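[1] Fold the following.
(3 chains)
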Amino acid sequence: MAVRISVKRFQLSISTSYQFLAPAAIIMAIALFFPLLYMVYGSFRAWDPSQTLSESEFIGFGNYTKLWFDATFWESVSVTLRFAISVVFFEMIIGVGLALMLDRNMRGMSFLRTLFILPMMIAPVVVGLMWRFVYHPTDGTFNRWLSTFGLDGVDWLGRHALLSVIVADIWQWTPFIFILALAALQSLPRSALEAARIDGASSWQLIVYIKLPLMMPVLIVTMLLRLIDAFKVLEVILVMTEGGPGLATEILALRISRTAQEFRELGEAAAMSNYLLLLLLFLTLGMLAFTRWQEARAEREGRRAEKEG
Amino acid sequence: MAERQHGDRQHPAFYALLVTLAFMSVGPVFLMFSNSFKIDIDIISGTSALFFIPTIQNYETALCDILWYEPDHLDFCSIRFGGAFINSIIIALISTALTLYIGCMAAYALVRFRFVGRDAVSLATLAVRMVPPAVLLVPVFGLWNNVFCIDKQTLVGAWVRDVFGGRGDVCLAGTHSGIILIYVAMNLPFVIWILQSFIVQVPRSLEEAARIDGAGPFQVFYRIVLPLIKPGLAAAAIFTFRIAWNEYLLASALADRDTKTVPILIVNNTSEFNIEWGMIMATGMLLALPPILFTLFASRQIITGMTAGAVKG
Amino acid sequence: MLKHVRSLGIAGAAALVLPVSVAFANPYEEYAGTTLIVNFPAFPHYNSVVKVLPEFTRETGIEVEVDQLPYLKMRERQTLELAQEEGTYDLISYVVFSKADYVYADQLENLAKYFMNPKLADPSYDAEDLIDGYVQNIGVAGGAKGYLPGPTGSLFGLPSGSETSVLMYRADIFEKHGLKVPETYDELLDVTCKIPELEPGMGGMASRAASGHQASHAFLLHLAPLGGRVFDDEWNPIINSPEGLAAANALKTIVDCGPEGSSAFGPSEAANAFATGQAAMFMDSIAFAPGFEDPKKSQVAGKVGYALHPAGVRRGSQTGGFGIAIPSNAENKEAAFLLMQWMTSKKGDKLITMAGGNPSRFSTYADPEVQAKYPFAATFGEALKYADPDWRPIIPPWGRINADIGTTMSKVLTEGLDPQEALDGVAERTRALMDEEGYYIWQ
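    Model (predicted):
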């Protein structure tokens, strides 16, 4: 049978593709987009969990202005930002650093990679549990070690709570950056590296001038993913410190859940959720715009260099 | 990603680094593992991680409601971990299956078909990946409890109350389906995103050939496309399962006494009056078991899934 | 007559004594086979209750299904359940500060109609024997200031797992160094900082201090005996008074001289620190005492002395813990009342106490068997005389005020925030909140 080559490229018909798309679209509409709209609507109301939303009273921007002038809310925002930024910063440095160091042909790498995935796969609740034990003032591993060396215990989850929480997150998520950076490194064009090596570039120069710039697109996506995920962290902190001491580790996500469940202020929690979404949107768009701008600048410089060369 | 078969010889310092890193990533897990076999006095008095008399007492306490015998050390069974374990399995498995099924169809339509608003759909899918679960807490709580309900006086409502018991109107909150629905919705954007990058790689010629042989679009999808994107499906399945299995916040807002999942029980028992470390570590270990098994036996798929998200996407 | 029949048990004797009125031989008969769904906190007292519930089922034929939750979670769950038209729970246990919310929202049954019903009320119940301070504090609402007892109050719940505070100390350590068991706050604060010097590695007193409810609880524990209150009689916040400052400073001293990691302690960590010998004193609820005397859980069993909560300008120990009530939207209210009555009856109360719970009755404290099993029973009976039902205001906005006090006190303890400044801040925010809630409308 002769193979006919269809002129038109293979495509689905309109109705079939809607059939394929429909279940996902319906579920996401019901359980994601509608709730988000519902939340925006609810954020303008004084809403407590024993009421249906229509029974609650409309208070305009009341919840928003109340939060705007609430110092403790801003403290939560600042804790969230400090947490997210330091976590992403350290994880990027450690993860990419390790990837550059370990991008070699050596035995045991795939095994190490397997072990490295472990922290990411385990439930955040369990991660919080493990670290809560490790940090325990008297029974915990860290203070036990310190005391065997005759040192005083450190009040990990008290005076250094935010730091302790950040360390736990770094433990859990650095491997994510490491694995992505390693994958990016291993898919770099061999030719560019070879050429540079022939030109006599040191391994340091190789990293700074060839590897890092070539990895940049992947690294930016990685960083963006990590940043978004850092705003999703909740369970680890909940189990470790419940947001304390004071507000030291009360990230926004935790504050939302407490406002909703403990203080029964659904409207206020909804307004807070909207602030959080806006913050995330702002950060993401900011980062995207920044990278666009950098790319454009690099391109322009590249073109100028070509012309001059 | 080029897999290199044989290792070159390296400076011993690198092996030292490897061992340290391996130790650091497994250390806390190992600590939990060994503590789960100790009695509380041993944990508190700091018996070393290796030399102690192991006991399965903690696991017996945790699983007392589904054991076929009554453990000697228990007066009564207060932690209903067994039931929660079953709930977790039901919820995680069903929501994973549904997410994959619905997600791969949607991904296929998005890749293979140009229609008005396709970019908008892709963008929206990507955007909802940003939404933290905490943001969904309030609306999901409100909707599932008050809006997504069937009056118990209606035919369906009365039927549900007859068959499953319970009181009041039939609402999504407090049912397995309610939790499954939000998990499916939450995971769809991610699954669609990952699967798209796999479907793009399927050669169109194969599908065209099948169409010429007279197969309908659904047949093409099931017979040609699905088998080819198995690695992608495996990766997506693991990630979906992981989220559905591990999630706490939304489950805690939706679950009632019969639909509690394991993470809820763990959080409930840590914020408690008296932390029984041994028992809680045992429940933690049981919760961590499926992810650990995945890691050991499917690390390749996990890495594929992770890199497909960032490197290829 | 009924009373005698019941006390004989259902061992068949009943049928012989009253062959004519078989229908009334057992007040529980009508409800036998009913399954009650009850919501209890995961708390030592209720673990004991759960242990004796099979006895109730055996005696009455009423099945009980228990949904146990951590007590803060329990409150969240109840908020949701009680608001439904038809609720799941037939009987709930509530934290004392939930009383205001629930009664205010008309979600609990007034118990009068059950105690009036001859088919339900056990004539041998002896309500006089119930510890009055508990009943007033936990069960009654609608009297003075709304939450205190008074002529306008009525009964909505019964105490079960109610508690007051006592000072628990290591008798061996105090004896070893010839220390006097503190009776006043000055002595208490003095000795608490002496102990770390005398016994290296041991903290003075283990106290709750973790951010939120725990820190607030610890602060209020000292506020009442030192003469302070959160509000004056016109609902003006006076938490930043000199008495308030004294309480904050007392807490700070206690935490600073406490065992390692004190500032993050919840009740479990604090109790553990005491049970493992890391602290010489522990001042908290009596609910912890049975645990300290259990050699399986405690390394200090037999070494603990019990004393009254030291006096500041007055004696005032906390009242708190739990009560049980019937939700208005319950399905089996009458059977729930029977369970409630059984749990707080002389027999039930003693069974629960012997299983490790807190008594709700004077007679249980006076019981020789109980006193033999628990060396502290006599002291606790004495401590109850000073139980202060007004040590914290139980009003609907209290949840938020409590959280504010808790996070602010935690900052004083860990971040070195000035106590006066901290309390001024709390007072200011509280006033704004109270204004918003309409407490100043009559002024």
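
[2] So stretch C:212-222, near chain B or not?
    No. Figure legend: stretch C:212-222 not in contact with chain B (C-beta under 8 Å from any C-beta of the partner chain); closest approach 10.4 Å. C-beta coordinates here come from the backbone N, C-alpha and C atoms, glycine included.

[3] separation between A:V79 and B:V191?
    Separation of A:V79 from B:V191 (C-beta to C-beta, to the nearest Å): 32 Å.

[4] Which one of those two is surrounded by more residues?
    Legend: neighbour count by other C-beta atoms under 10 Å in any protein chain shown for A:V79 and B:V191, higher for B:V191 (29 against 23).

[5] count of neighbours near the residue lying closest to that one once chain neighbours are set aside?
    Leaving aside its chain neighbours, B:V191 sits nearest to B:G103 (3.5 Å; criterion: C-beta to C-beta, 6 or more residues apart in numbering or on different chains). When neighbours are counted by other C-beta under 10 Å, B:G103 registers 28.

[6] again, but for the one 3 residues further on
    If you count neighbours by other C-beta under 10 Å, B:A106 ends up with 27.

[7] Could you give the backbone dihedrals for it?
    Dihedral angles of B:A106 (phi, psi; degrees, to the nearest 10) stand at phi -60, psi -40.

[8] For B:L195, list the residues it contacts.
    Neighbouring residues of B:L195 by C-beta atoms under 8 Å, 6 or more residues apart in numbering or on different chains: B:G103, B:C104, B:A107, B:Y108, B:I229, B:G232, B:L233, B:A236.

[9] Next, format the residues you listed as JSON lines and append pLDDT.
    Output for the contacts of B:L195, formatted as JSON lines (pLDDT from 0 to 100):
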{"residue": "B:G103", "pLDDT": "92"}
{"residue": "B:C104", "pLDDT": "90"}
{"residue": "B:A107", "pLDDT": "88"}
{"residue": "B:Y108", "pLDDT": "87"}
{"residue": "B:I229", "pLDDT": "87"}
{"residue": "B:G232", "pLDDT": "85"}
{"residue": "B:L233", "pLDDT": "89"}
{"residue": "B:A236", "pLDDT": "88"}
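
[10] So which of the residues you listed sit within helices?
    B:G103, B:C104, B:A107, B:Y108, B:G232, B:L233, B:A236 (DSSP state H).

[11] which non-adjacent residue is nearest the fifth one?
    Spelled out, that is B:G232. B:F198 (3.2 Å).

[12] Same check on the third one?
    Beyond its immediate neighbours in the sequence, the residue positioned closest to B:A107 (C-beta to C-beta, 6+ apart) is B:L195, lying 3.8 Å away.

[13] And that neighbour, how far from chain A?
    11 Å (C-beta to the nearest C-beta, to the nearest Å).

[14] ditto for C:M283
    19 Å.

[15] low pLDDT regions in the chain?
    Just going to use chain A. A:1-12, A:106, A:306-309 (pLDDT under 70).

[16] wrong chain, I was asking about chain C
    If you take pLDDT under 70 as the line, chain C has these spans: C:1-25.

[17] Point out the other helices and strands that the lowest-mean-pLDDT helix or strand in chain B packs with.
    In chain B, no helix or strand scores lower on mean pLDDT, DSSP states H and E than helix B:40-44, which sits at a mean of 71. With contacts taken as 3 or more C-beta pairs under 8 Å, 6 or more residues apart in numbering or on different chains; DSSP states H and E, helix B:40-44 sits against helix B:277-297.

[18] burial measure for the residue of the stretch 201-350 of chain C found nearest chain B, as a count.
    Closest approach of the stretch 201-350 of chain C to chain B (C-beta to the nearest C-beta) occurs at C:S268, with a separation of 4.6 Å. For C:S268, the tally of surrounding residues (other C-beta under 10 Å) stands at 18.

[19] do A:Y64 as well
    By other C-beta under 10 Å, neighbour count at A:Y64 equals 18.

[20] Now it. Nearest residue, chain neighbours left out?
    A:A271 (5.1 Å).

[21] what about the one you found, how many neighbours?
    So A:A271, with other C-beta under 10 Å, has 29 neighbours.

[22] Show me what the helix or strand just after the least confident helix or strand of chain B is packed up against.
    Later in the chain than helix B:40-44, the nearest helix or strand by DSSP states H and E is helix B:57-62. Secondary-structure packing of helix B:57-62 (3+ C-beta pairs under 8 Å, 6+ apart): helix B:277-297.

[23] Just the residues contacting the helix or strand just after the helix it packs on, thanks.
    Going down the chain from helix B:277-297, the next helix or strand is helix B:299-307, by DSSP H and E. Helix B:299-307 is contacted from outside by A:110, A:113-114, A:117, A:121, A:176, A:179-180, A:183, B:1, B:194, B:231-232, B:234-236, B:238-239, B:294-295, using C-beta under 8 Å, 6+ apart.

[24] can you dump the C-alpha coordinates of helix B:299-307 into PDB?
    Taking Å, rounded to 0.1, in the frame of the first residue of the first chain, the C-alpha atoms of helix B:299-307 are listed here in PDB:
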ATOM      1  CA  SER B 299      14.500   7.800  40.700                       C
ATOM      2  CA  ARG B 300      15.100   8.000  37.000                       C
ATOM      3  CA  GLN B 301      11.400   8.900  36.300                       C
ATOM      4  CA  ILE B 302      11.500  11.400  39.100                       C
ATOM      5  CA  ILE B 303      14.500  13.200  37.700                       C
ATOM      6  CA  THR B 304      12.900  13.100  34.200                       C
ATOM      7  CA  GLY B 305       9.800  14.700  35.600                       C
ATOM      8  CA  MET B 306      11.700  17.400  37.400                       C
ATOM      9  CA  THR B 307      13.900  18.300  34.500                       C
END
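
[25] Tell me how far the residue lying closest to C:N236 once chain neighbours are set aside lies from A:D155.
    Among residues not flanking C:N236 along the chain, C:R431 sits closest, at 7.3 Å (C-beta to C-beta, 6+ apart). Distance, C:R431 to A:D155, by C-beta to C-beta: 34 Å.

[26] In terms of packing, which of those two has more residues around it?
    Between C:R431 and A:D155, counting by other C-beta under 10 Å, A:D155 is the more crowded of the two (20 against 16).

[27] ok, the more buried one touching A:H136?
    No. If you go by C-beta atoms under 8 Å, A:D155 and A:H136 don't touch, sitting 11.0 Å apart.

[28] which residues do those two both contact?
    With C-beta under 8 Å, 6+ apart, A:D155 and A:H136 have common neighbours C:G261.
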